[in-house]
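Undergrad: Sharing a model that was predicted from the sequence below.
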Amino acid sequence: MRGFAGVRLFALIDLVITAPLAVPGVTERWMLVLLSAGGALPIPPSWQTLSPLAVTFAQLLGVLGACWNGARLRWADDRRLVAIDAVARIVVAALLIMRISHAAPPALGVFVLVELLGTMLAVLALRRRTASSW
């Protein structure tokens with residue numbers, strides 16, 4: 001469905017961003033790349049060293065993100081997945097804003113914008129079309 005092209009694009013982008021987190025040996029380097037916006041922004045010293053627990057949770061996030069975004073990519077026109085994703089994006093943006101207000105890396109601000117843009121595209125897609133799956 002044409003109204004869900006933006007939803008599918010964001011699912012692909014999210015898949016590309018989250019899948020490397022699931023790969024042992026890549027997780028820590030990829031997190032630092034994300035936290036620095038590809039090296040363009042500074043990372044506070046307290047965020048530069050990742051504990052084994054943080055790496056484990058990042059890997060779990062990577063697995064869940066790959067599964068969720070794979071499902072969103074495959075069924076991008078399923079209104080239920082789009083609606084759930086829109087709500088989750090708002091919650092993620094709020095959590096990131098909370099972290100940013102407590103000296104988190106500035107790159108997280110980029111992710112807030114991406115989450116809000118993804119929410120807007122999802123809402124527009126939901127308003128445009130009525131999918132047969134719901």
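TA: That came through fine.
Undergrad: I'd say residue 116 and residue 91 touch.
TA: No - proximity of residue 116 to residue 91 does not meet the contact threshold set by CB atoms under 8 Å, at 11.8 Å. Yep, even glycine has a C-beta here, placed from its N, CA and C like the rest.
Undergrad: Between the two, which has more neighbouring residues?
TA: Neighbour totals were compared for residue 116 and residue 91, and residue 116 leads with 14 against 10 (other CB atoms under 10 Å).
Undergrad: and the more buried one, how far is that from residue 109?
TA: Summarising the geometry, the distance separating residue 116 from residue 109, computed by CB to CB, to the nearest Å, is 11 Å.
Undergrad: what do you get for residue 87?
TA: With distances taken as CB to CB, residue 87 is found 21 Å from residue 109.
Undergrad: and what of residue 6?
TA: When distances are taken as CB to CB, residue 6 and residue 109 turn out to be 21 Å apart.
Undergrad: How about residue 52?
TA: Here the distance between residue 52 and residue 109 works out to 27 Å (CB to CB).
Undergrad: which residues of the protein score low on pLDDT?
TA: Along the chain, the parts satisfying pLDDT under 70 run over 1-3, 129-134.
Undergrad: all helices of it, in order?
TA: Secondary structure of the chain (DSSP state H): helices located at 5-18, 27-35, 45-48, 52-74, 79-100, 107-128.
Undergrad: now the angle between helix 79-100 and the first one, please.
TA: With axes from the mean of the first three to the mean of the last three CA atoms, to 10 degrees applied, the angle from helix 5-18 to helix 79-100 works out at 50 degrees.
Undergrad: Alpha carbons of helix 5-18, in PDB - could you do that?
TA: Taking only C-alpha atoms (Å, rounded to 0.1, in the frame of the first residue of the first chain), the coordinates of helix 5-18 have been written out as PDB:
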ATOM      1  CA  ALA A   5       6.000   3.400   2.100                       C
ATOM      2  CA  GLY A   6       7.300   5.700   4.900                       C
ATOM      3  CA  VAL A   7       6.600   3.100   7.500                       C
ATOM      4  CA  ARG A   8       8.400   0.500   5.500                       C
ATOM      5  CA  LEU A   9      11.400   2.900   5.000                       C
ATOM      6  CA  PHE A  10      11.600   3.600   8.800                       C
ATOM      7  CA  ALA A  11      11.400  -0.200   9.500                       C
ATOM      8  CA  LEU A  12      14.400  -0.700   7.200                       C
ATOM      9  CA  ILE A  13      16.400   2.100   8.700                       C
ATOM     10  CA  ASP A  14      15.600   0.800  12.200                       C
ATOM     11  CA  LEU A  15      16.600  -2.700  11.200                       C
ATOM     12  CA  VAL A  16      19.900  -1.500   9.900                       C
ATOM     13  CA  ILE A  17      20.600   0.500  13.100                       C
ATOM     14  CA  THR A  18      19.500  -2.200  15.600                       C
END
